[in-house]
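Asks: kindly return the folded structure for what I paste below:
(one chain, ligands or ions: 1)
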Amino acid sequence: MAGAVASYRRFLSSHSTQGGAMKSVGMRFIYVMVFLACQVPHAWAHAKLVRSDPSARAILTRAPSVIQLWFNEKLEPAYSSAELRDGAGTLVSTEKAAIAPSNAKQLMLKIPSLAGGEYVVQYRALSVDGHIAESSFRFFVRARP
Ligand SMILES: [Cu+2]
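Replies: Below is the predicted model:
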């Protein structure tokens, strides 16, 4: 009888501590998630250009025929664009930038053949989760001798 009560108590206490531990882990998880949900959007708030070809400040001996931009997030085709201007700010690109068929994070801009000089790639990309990356970078094409 006393043994049965003791084991029942053990059962109860082991169960309640286990339940309590699980509950607090669960609550801690929720607190962490809420904390992250409040903190992280600021760190993640921007889609980012990961790399490009040509890369920023590249000095090229052969002019590219396409500008390629890789972002950290999948892009919204309708709201992602890029254009190429020369050093004086005149629009050089004649086509619209398009998402690469094989990569939703890649934007491609076909460009006409370039003379030597400085060029500026301007881009504005909207990721599918609503973040915007907007910036520009320069590259240079060496004039052919
Ligand atoms: Cu995002």
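Asks: let me see the contact set for the residue nearest the centre of the chain.
Replies: Closest to where the C-alpha atoms of the chain average out (C-alpha atoms, centre = their mean) is N72, at 2.6 Å. By C-beta atoms under 8 Å, 6 or more residues apart in numbering, the contact set of N72 is A47, K48, V50, K105. To be clear about C-beta, it is placed using only N, CA and C from the backbone, and glycine gets the same treatment.
Asks: narrow those to just the buried residues.
Replies: Neighbour counting with 16 or more other C-beta atoms under 10 Å marks A47, K105 as buried within the contacts of N72.
Asks: nearest to the ion among the contacts of N72?
Replies: The ion lies nearest to A47 out of those, by C-beta to the ion, at 5.5 Å.
Asks: what about P112, neighbour count?
Replies: Neighbourhood size, P112 [other C-beta atoms under 10 Å]: 12.
Asks: any idea how far it lies from P64?
Replies: P112 sits 11 Å away from P64, going by C-beta to C-beta, to the nearest Å.
Asks: before we move on, back to that, give me phi/psi at the residue nearest to the centre of the chain?
Replies: phi -90, psi -10 (degrees, to the nearest 10).
Asks: what's the next secondary structure element after the lowest-mean-pLDDT helix or strand in the chain?
Replies: Sorting the helices and strands of the chain by mean pLDDT, DSSP states H and E puts helix 2-44 at the bottom, at a mean of 55. The helix or strand immediately downstream of helix 2-44 is strand 49-53, counting by DSSP states H and E.
Asks: partners of that next one, with directions?
Replies: Strand 49-53 has its sheet partners listed here by DSSP bridges as strand 66-71 (antiparallel).
Asks: buried residues in the next helix or strand after the strand it pairs with?
Replies: As assigned by DSSP H and E, the chain's next helix or strand after strand 66-71 is strand 81-86. By 16+ other C-beta under 10 Å, the buried positions in strand 81-86 come out as S81, A82, E83, L84, R85.
Asks: distance of L91 from A58?
Replies: The value you get for L91 to A58, if C-beta to C-beta is used, is 20 Å.
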